[in-house]
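Q: one predicted model, sequence on top.
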Amino acid sequence: MQDIQEQASNDYDPQAVEAAAQRYWNEQHAYEVKEDPARPKFFCLSMLPYPSGALHMGHVRNYTISDVISRYQRMQGRNVLQPMGWDAFGLPAENAAIKNKTAPAKWTYANIEHMRGQLKSLGYAIDWTREFATCRPDYYVHEQRMFVRLMKKGIAYRRNAVVNWDPVDQTVLANEQVIDGRGWRTGAPVEKREIPQWFLKITDYAQELLDGLDTLPGWPDAVKTMQRNWIGRSEGLEIHFAVEGEAAPLTVFTTRPDTLMGVTFVSIAGEHPLAQKAAQGNPALATFLEELKHGGVSEAELETQEKRGMATGLFAIHPVTGDKVPVWVANFVLMGYGTGAVMAVPGHDERDFHFAKKYRLPIKAVVAPLSWDGKSIESVTMFHDTGSGKVEYPSIHLEDDISESLTWSAWDERFGQHGVLLNSCALNGKTYREAFDYLADKLSAEDKGQRRVNYRLRDWGVSRQRYWGCPIPVIRCAKCGDVPVPEDQLPVLLPEDVADVYSKGGGVQSPIKTDPEWRKTTCPECGGAAERETDTFDTFMESSWYYARYTSPGAATQVDERANYWLPVDQYIGGIEHAILHLLYFRFYHKLLRDAGMVNSDEPATNLLCQGMVIADTFYRDNADGSKDWINPADVEIQRDDKARTIGAVLKADGQPVQIGGTEKMSKSKNNGVDPQSMVGKFGADTVRLFSMFAAPPEQSLEWNEAGVEGMSRFLRRFWREVTTHAAQPDHAVVDPAQLDAGQKALRRQLHEAIQKVGDDLGRRHSFNTAIAALMELLNAVGKFADMSEQGRAVRHEVLETMVLLLNPVVPHVSHRLWQVLGHAESVLEDQPWPKVDESALVRDSLTLAVQVNGKLRATIEVAASASKDEAEQLARAHPHVTSFLEGKTVRKVIVVPGKIVNIVAG
RNA sequence: GCCGGUGUGGCGGAAUGGUAGACGCGGCGGACUCAAAAUCCGCUGGCAGCGAUGUCGUGUAGGUUCGAGUCCUAUCACCGGUACCA
């Protein structure tokens, strides 16, 4: 006790406080957990980091949110699991290896060592005994075993798919490596190339993934909406168009069969076999198809490029009318989506409309809106193709109005809407639904089509032509085809010792692809010579099941029975950038685990929190050549005018001005990154944690600002001083509510209001910034509270002791020490129960009501807490500010919201 | 292009349809100090006014409501995702 009192009298020394607390937690194994059926469990999971080299503020934010929730939940009596691991495979390791001429494994392991130390300095309540790196064979062996089982089930299969090809480096490029249509390293124009790839049939689970979203009230609506749209369920018809001179029909999918009679051509993808065939005798078309191969494969690139097409010379037969319609190749039709062919209805589809106008293809109106600007429609003309090159557009004729603007000469949104059919023979007068059902029945009966549910979602391509990933456990045998590696031969090891390849300047192509020996093996079925698959898995594969592995450290199988104690995850936290891909694969893989009998839940996580980015100011100077020198914010001083507005900035080193470049995501390229480690060294982990929780609500972007960090440090020092000063005073009495005077009651009420608010903010709203603000207000209040009477000191003691507990989830090191300063034995504070609200302390004698006249605030009044609506109204109407506004007016209505406002409506 | 989100003082933000700007930063004034730092106290959205107070104000334009930062429609700007960055 003596040494505690001595230390307590000293100023707050974060380094000493944090080292002591962390040492104690380690000695106590405070955050190592086991399954305990007697207690409610809470699995708090953050997205595992990629070991890029150094912890960045985005990590700190993610893991601090997770830590605050974890510690709070444990104080609620839950058995909390908070694990950590490393998403250790990935492209950056290969890029770094090429640059540094070293092996990806070595770089990765060194980064993990470094970042683990950084994470530990932040004092997270993590069970480190469960840590793993996904690049280790004892992790990925389970992934390989699952894959060979999925092959046998038909969930994993191989087919061709298009990739970005760099013709100079002779490698496949990731979408982010394609910049303006060129390879980032070589600058060569990128080409599309079809290669065989492994896929997982996520589309078999499309409906379940869609329906499952309705069982996740704890997920943000934005994420669920994005996933719904991504899955993109649509109901429509599959329609077969016979092709003149071809045996096989052209199959299209449409959600608008009601517009079938408006089809004036059919569009197909450049890679479509029919286009390829047509090009054989058509040099112009062959050249065009060759041109379509330029550029990358990303949707953003494909969708924003100019819409282009060319006639194939082939004709399709309209399945109802028997008319001939031309078949066009169009660059916006993609082989990978649906059937690679679409029926074109330029009268009622915007994209087809623009395409038809550009290539002077006929436009036919077959659906009329029910009304136009509220006017009823008299008639709609069909198109006329005069044959002289002059095109007349269909037009709508309204009753009592003749206007040129109603033609199809320019697109109008209403052309695409449902309406009543016309110019469609037997279908005339039918609605969308009637036409849909009529055609579905008719085409099915004639074997020309059928009803179909289509999904936008495509199967998950898991092959990567890279080295630093989990080898795909398949053997290619000339005789037996693709044979899964037998389970007793797993894992297929990725060789880590490839430093030689890189030191010689190699590595642009995968070392296991360039090594003639690695692939050699024998076929497990026929025993003949065979080759291994040299592709590796997409790294989303590892990150799709890591959460489950945390529950079963050391298990010989992928997971064991412990998984069902911990799963599903109670709170998942990560960046919004993962809203679709990772979070969809994560949900999909959980269903694969379930169907393999390994887990018994349907969804992997019940609650999801998506945090925003960490951003910072940018500063630069222009170079003579037009490039920019980016300057780190730490080296810059802001200049202000007399109203505190920013007017400029100078470099601290030379005092000369620098340009201000706006606030952007922290990145190396803009040199606006702030190193968490240096911040911890300067201010301590608690201050860094406190700032990252206080500066913004978790789902918004957080602007790093060092002056703000200093403010947090100031708060902790004041809190420290307040507690140590109080603890140095003589013993305090116990609070006796009956004896409290008005000032003591007011402070105590503020405390209990804070308990209520902080609990709600941390536990339910995840509104950490407002919880901290409430505690700052409480500290301001206790700082002004000069009452040294016995009950005064007792109230102060209750406030400070409670604050230590309320702040513990955010600043656990400070709380750990101050708990002892307040006379308690050293302990794990998460085992203290969360403070309880004393309802009697919340009672108020009077309330402040806002008084409005016609919705505008005119006065505030104090009313007794027990005052009736009538009393409040009378008091409000008697207020002089109110009477002056009511002069000469008649009161028409008075709205009284108890405890809030009185609004007098007068006129 | 498409899908999702965000927009409030000089700045980060608060306000869960009911007093817009809590809390923090910055700024200004004061106390302490030989001085500075640290610390403490006070003020701080714009305009008008000595003041009481009035008036305007939540990207822009409309609308719903007794009452809108919050709900609806349109629009602009920025951010995230767009299937091989993680």
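A: Looks like it came in fine.
Q: show me the domain layout of chain A.
A: Domains of chain A are assigned by automatic domain parsing as A:31-141+A:540-611, A:156-200, A:233-455, A:614-665, A:702-842, A:846-906.
Q: what's the most buried one of those?
A: Comparing those by mean neighbour count (mean count of other CB atoms under 10 Å), domain A:31-141+A:540-611 comes out on top with a mean of 20. Where C-beta positions appear, they are placed from N, C-alpha and C, glycine not excepted.
Q: the stretch 401-550 of chain A: strands as residue ranges?
A: Counting by DSSP state E, counting those that start in this stretch, residue ranges of the strands within the stretch 401-550 of chain A are A:420-421, A:449-455, A:460-461, A:463-464, A:474-477, A:481-484, A:520-522, A:529-532, A:536-537.
Q: return the fifth one as CSV; C-alpha atoms alone will do.
A: To tie it back to what came earlier, the one meant is strand A:474-477. Only the C-alpha atoms of strand A:474-477 are listed here, as CSV (Å, rounded to 0.1, in the frame of the first residue of the first chain):
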residue,chain,number,x,y,z
VAL,A,474,-5.2,-31.5,-57.2
ILE,A,475,-3.1,-33.7,-59.5
ARG,A,476,-3.5,-33.5,-63.2
CYS,A,477,-3.2,-36.9,-64.9
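Q: avg pLDDT for it?
A: Averaged over strand A:474-477, pLDDT sits at 97.
Q: that strand - contacts with which helices or strands?
A: Contacts defined by 3 or more CB pairs under 8 Å, 6 or more residues apart in numbering; DSSP states H and E place strand A:474-477 against strand A:481-484, strand A:529-532.
Q: now what about the first one, what contacts it?
A: Read it as strand A:481-484. For strand A:481-484, contacts defined as CB atoms under 8 Å, 6 or more residues apart in numbering pick out A:147-148, A:151-152, A:158, A:473-477, A:523-525, A:530, A:533.
Q: out of these, which are buried?
A: Neighbour-count burial (16 or more other CB atoms under 10 Å) is assigned, among the contacts of strand A:481-484, to A:147-148, A:151, A:158, A:473-477, A:523-524, A:530, A:533.
Q: so which bits of the stretch 251-400 of chain A are right by RNA strand B?
A: Taking CB under 7 Å from any atom of the strand as the criterion, the stretch 251-400 of chain A approaches RNA strand B at residues A:297-300, A:303-304.
Q: change it to 10 Å
A: A:296-305, A:332, A:334, A:336-337, A:350-351 (CB under 10 Å from any atom of the strand).
Q: so which of these belong to helices?
A: Here DSSP state H is the test, and those give A:299-304, A:350-351 as lying in helices.
Q: can you tell me the centre-most residue of chain A?
A: Residue closest to the mean C-alpha point of chain A, counted by CA atoms, centre = their mean, is A:Ile576 at 2.3 Å.
Q: skipping adjacent residues, who's closest to that one in space?
A: Ranked by CB to CB, 6 or more residues apart in numbering and with sequence neighbours excluded, the top spatial neighbour of A:Ile576 is A:Cys610, at 4.0 Å.
Q: what of A:Gln744?
A: Leaving aside its chain neighbours, A:Gln744 sits nearest to A:Val795 (4.9 Å; criterion: CB to CB, 6+ apart).
Q: verify the stated contact: the one you found with A:Val734.
A: No. Between A:Val795 and A:Val734 there is no contact under CB atoms under 8 Å: 10.4 Å.
Q: against A:Gln611, how distant is the closest residue to A:Phe42 other than its chain neighbours?
A: Sequence neighbours aside, A:Arg78 is the residue nearest to A:Phe42 in space, at 4.0 Å (criterion: CB to CB, 6+ apart). Applying CB to CB, to the nearest Å, the value for A:Arg78 to A:Gln611 is 22 Å.
Q: spatially nearest residue to A:Arg717, not counting backbone neighbours?
A: Leaving aside its chain neighbours, A:Arg717 sits nearest to A:Tyr12 (5.0 Å; criterion: CB to CB, 6+ apart).
Q: can you pull the contacts of the one you found?
A: A:716-717, A:720-721, A:814.
Q: and which of the ones in helices among the residues of the stretch 251-400 of chain A next to RNA strand B is nearest A:Pro369?
A: When those are ranked by distance to A:Pro369 (CB to CB), A:Glu350 comes first, at 15.1 Å.
Q: if we can go back for a sec, lowest-confidence stretch among the domains of chain A?
A: Mean pLDDT is lowest for domain A:614-665 out of those, coming in at a mean of 81.
Q: that one vs RNA strand B: in contact?
A: Yes. Applying CB under 10 Å from any atom of the strand, one finds domain A:614-665 touching RNA strand B at A:615, A:617, A:638-647, A:662-665.
Q: and these, which two are furthest apart?
A: A:Asp642 and A:Lys665 (32.6 Å).
Q: put together a markdown table for the strands of the stretch 401-550 of chain A, with distance to RNA strand B on each row.
A: Putting the strands of the stretch 401-550 of chain A into a markdown table (distance: least, CB to the nearest atom of the strand, whole Å) gives the following:
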| stretch | distance to RNA strand B |
| --- | --- |
| strand A:420-421 | 23 |
| strand A:449-455 | 8 |
| strand A:460-461 | 5 |
| strand A:463-464 | 5 |
| strand A:474-477 | 15 |
| strand A:481-484 | 17 |
| strand A:520-522 | 23 |
| strand A:529-532 | 17 |
| strand A:536-537 | 10 |
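Q: now tabulate those in CSV and tack on distance to A:Val60.
A: Shown next, in CSV, are those (distance: least, CB to CB, whole Å):
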stretch, distance to A:Val60
strand A:420-421, 60
strand A:449-455, 38
strand A:460-461, 31
strand A:463-464, 30
strand A:474-477, 40
strand A:481-484, 42
strand A:520-522, 45
strand A:529-532, 41
strand A:536-537, 29
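Q: those strands: which one's closest to A:Val162?
A: Among those, the nearest to A:Val162 by CB to CB is strand A:460-461 (10.0 Å).
Q: what is the closest one packed up against?
A: Applying 3+ CB pairs under 8 Å, 6+ apart, we find strand A:460-461 packed against strand A:191-200.
Q: run the chain-centre distance for the strand it packs on.
A: Centroid displacement of strand A:191-200 relative to its chain, using CA atoms, centre = their mean, to the nearest Å, is 26 Å.
Q: what helices or strands is that strand leaning on?
A: Packed next to strand A:191-200, using 3+ CB pairs under 8 Å, 6+ apart, are strand A:156-166, strand A:460-461, strand A:463-464.
Q: dump the residue contacts of the closest residue to A:Ser840 other than its chain neighbours.
A: Excluding its sequence neighbours, the residue lying closest to A:Ser840 (CB to CB, 6+ apart) is A:Pro737, at 6.5 Å. The contact partners of A:Pro737, by CB under 8 Å, 6+ apart, come to A:748, A:838, A:840-841.
Q: and A:Pro737, how far is that from RNA strand B?
A: 25 Å (CB to the nearest atom of the strand, to the nearest Å).
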